[in-house]
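Chemist: Sequence and predicted structure are below.
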Amino acid sequence: MTRLRAAATTEPGRLRTLGAALAAALVLFGAVTAWQVTDRATAADAVVDRSQPLSAAAADLYRSLADADTTAARGFLPGGKEPRSIRLRYEKDIATASALLAEAAASTGTSQQEHTRIAALNKQLPVYTGLVEQARANNRQGLPLGGAYLRHASERMEKELLPTARALYDAETDRLGSDYRGAKSWPWAALTIGLLTLGALGWAQRRTYLRTNRVFNHGLLAATAASGVVLLWLAVGHGIARANLDDSYEHGARSLQVLNTARISSLQARGAETLTMVSRHDVLTDQGKDAYEERYGANMRDLFGDGTADARPGSLLDRARSLADGALGRDPVAKAVAEVKEWQRRHAAARAADDAGDYEGALARVTGEKGSTGEAFDQVDTALRRALDHEQDDFRSAADDGRSALTGLAVGAAVLALLGAAGAVLGIGRRLSEYR
């Protein structure tokens, strides 16, 4: 032990210690860089391939359920003869919801809470469809009990299925936010170790110069260059990845969330409008107002606002418009705004006819092929779908650019760090050979 301590106090001993320390620092720098970059690349992959698609699927599940409820109600309005197109649309919505539930069950991972929600939806959906079929059977026979069954089915949808589907959507959206945070967080540990390693290499070269009067030590110089390349690659690569991921969130994921919510609100407004005609004002609030008409108003306020001049600041369509990027993103939102204004105008005309006792006239204004609120709603839904498709493309492009910026960085950092460690050992070894 005494001999070891004595050896460490000699210049060769100090050089061996210095070489070992520099090599260890370089290996540590490479290992931490590879670990942190891999962690962020994995999170970026999750954003693109898992959490965002799952969030979109959960939104589609909610939309399919809401549209099924709206479509089922529309089938009752013409009387006992349900149009085939309405029936097919309802069946397509139920089939889509069932398929999305199956996909969600296979993709949610280990989250017990999400599995519980999916199980609840799988249990509640057949109950809902059974009530709708009972309503249809009674409606075909001209029995007023059909309307009661339909209202019961719609109540189940509103109070059980849709809140559960919304909770599932919120959970997937929260997971998306968590993956974004993981992908964008700066690799501070790697950056700090890299700066300290560069500082240590600079100090070692200065020490060598002061003792030998030689300006360059090729091994240490190579180690410094390798460390500098890794540090620069890490900072620039992660900076580019972060910028693109920020762009994919602001002009993609965030916009998609607002547009999905807007589409859902428009569906719920349409469903409430339809149920107002089915119930014929039999369902009232505690204040004696038509419950479905009140629900229509609440969803329309969320979607557009109270007035008819333009979307109210802070409303869903106003937020979607402000988040839209470029003409291809803004034009469908502007179309949706214009069609919602037309929808409100037609709805007011239908309400006026109904209040005046002209139920058939009001029904035509709600369900007719031309000039009805249903036609305006379909235009709104189509415009929002176009906007969603555009924002989905923007999200995918920017997010792919973000994760591509990290490609090869983990492996490259590890290889360069090992080469740097070898250079440091060889550089110190060359200095040690002068003492033999």
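Modeler: Cool, the structure landed.
Chemist: What separation do you get for residue 201 and residue 24?
Modeler: As for residue 201, its distance to residue 24 is 13 Å (criterion: CB to CB, to the nearest Å). To be clear about C-beta, it is placed using only N, CA and C from the backbone, and glycine gets the same treatment.
Chemist: of these two, who's got more company?
Modeler: The residue with more neighbours, out of residue 201 and residue 24 and counting by other CB atoms under 10 Å, is residue 201; that gives 26 against 13.
Chemist: The more buried one touches residue 227, doesn't it?
Modeler: Yes - taking contacts as CB atoms under 8 Å, residue 201 lies within contact range of residue 227: 6.3 Å.
Chemist: low-confidence ranges in the stretch 51-200 of the chain?
Modeler: Low-confidence segments of the stretch 51-200 of the chain, defined by pLDDT under 70, span residues 77-81, 108-110.
Chemist: again, but for the stretch 301-436 of the chain
Modeler: Of all residues in the stretch 301-436 of the chain, those with pLDDT under 70 make up the ranges 307-308, 429-436.
Chemist: For residue 62, which non-adjacent residue is spatially closest?
Modeler: Here the nearest residue to residue 62 in space, its sequence neighbours aside, is residue 165; by CB to CB, 6 or more residues apart in numbering that works out to 4.4 Å.
Chemist: Contacts only, for the one you found.
Modeler: When contacts are counted by CB atoms under 8 Å, 6 or more residues apart in numbering, residue 165 touches 58, 61-62, 65, 121.
Chemist: list the helices and strands the top helix by length along the chain packs on?
Modeler: Scanning the chain for the longest helix, with DSSP state H as the assignment, gives helix 11-46. In this structure, helix 11-46 makes packing contacts with helix 2-9, helix 162-184, helix 188-212, helix 218-248, helix 373-404, helix 409-433, judged by 3 or more CB pairs under 8 Å, 6 or more residues apart in numbering; DSSP states H and E.
Chemist: Residue 140: which of these is closest?
Modeler: Checking the helices and strands packed on helix 11-46 against residue 140 by CB to CB gives helix 373-404 as the closest, at 21.8 Å.
Chemist: How far away from the center of its chain is the closest one?
Modeler: With CA atoms, centre = their mean, to the nearest Å as the basis, helix 373-404 stands 13 Å off its chain's centre.
Chemist: Give me the buried stretch members for that helix, please.
Modeler: When neighbours are counted by 16 or more other CB atoms under 10 Å, the buried residues of helix 373-404 are found to be 373-377, 379-381, 383-384, 386-388, 390-392, 394-395, 398-399, 401-403.
Chemist: helices or strands next to that helix in the packing?
Modeler: With contacts defined as 3+ CB pairs under 8 Å, 6+ apart, the secondary structure elements packing on helix 373-404 are helix 11-46, helix 52-74, helix 218-248, helix 254-279, helix 327-355, helix 359-367.
Chemist: Can you give me every residue that contacts residue 274?
Modeler: Contacts here follow CB under 8 Å, 6+ apart; on that basis residue 274 touches 70, 73-74, 77, 366-367.
Chemist: For residue 118, give me its contacts.
Modeler: For residue 118, the contacting residues are 101, 104-105, 108, 168, taking CB under 8 Å, 6+ apart as the criterion.
Chemist: Looking at these, state which has the most neighbours.
Modeler: With neighbours taken as other CB under 10 Å, the top of these is residue 168, carrying 28 neighbours.
Chemist: and the gap between it and residue 387?
Modeler: For residue 168, the distance to residue 387 (CB to CB) stands at 23 Å.
Chemist: for residue 179, same thing?
Modeler: The separation that residue 179 has from residue 387, given CB to CB, amounts to 24 Å.
Chemist: cool, and residue 267?
Modeler: With CB to CB as the criterion, residue 267 and residue 387 are 15 Å apart.
Chemist: With residue 331 instead?
Modeler: Using CB to CB, one gets 9 Å for the distance from residue 331 to residue 387.
Chemist: Next: residue 200.
Modeler: For residue 200, the distance to residue 387 equals 54 Å [CB to CB].
Chemist: again with residue 192
Modeler: Residue 192 is 43 Å from residue 387, where distance means CB to CB.
Chemist: Might you report the residue contacts of the most centrally placed residue in the chain?
Modeler: In the chain, the C-alpha nearest the mean C-alpha coordinate belongs to residue 52, at 4.0 Å (CA atoms, centre = their mean). With CB under 8 Å, 6+ apart as the criterion, the residues that contact residue 52 are 176, 253, 256, 395, 399.
Chemist: hmm, 10 Å instead?
Modeler: Going by CB atoms under 10 Å, 6 or more residues apart in numbering, residue 52 touches 46, 172-173, 175-176, 179-180, 248-249, 252-253, 256, 392, 395-396, 399.
Chemist: same check, this time on residue 113
Modeler: Contacts were defined as CB under 10 Å, 6+ apart; by that measure residue 113 touches 167-168, 171.
Chemist: follow-up on the earlier one: using TSV, please lay out the helices and strands packed on helix 373-404 together with distance to residue 140.
Modeler: Written out in TSV, the entries for the helices and strands packed on helix 373-404 read as follows (distance: least, CB to CB, whole Å):
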stretch	distance to residue 140
helix 11-46	49
helix 52-74	14
helix 218-248	50
helix 254-279	15
helix 327-355	25
helix 359-367	18
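Chemist: could you measure the residue lying closest to residue 45 once chain neighbours are set aside against residue 397, distance?
Modeler: Excluding its sequence neighbours, the residue lying closest to residue 45 (CB to CB, 6+ apart) is residue 403, at 6.1 Å. Using CB to CB, one obtains 12 Å as the distance from residue 403 to residue 397.
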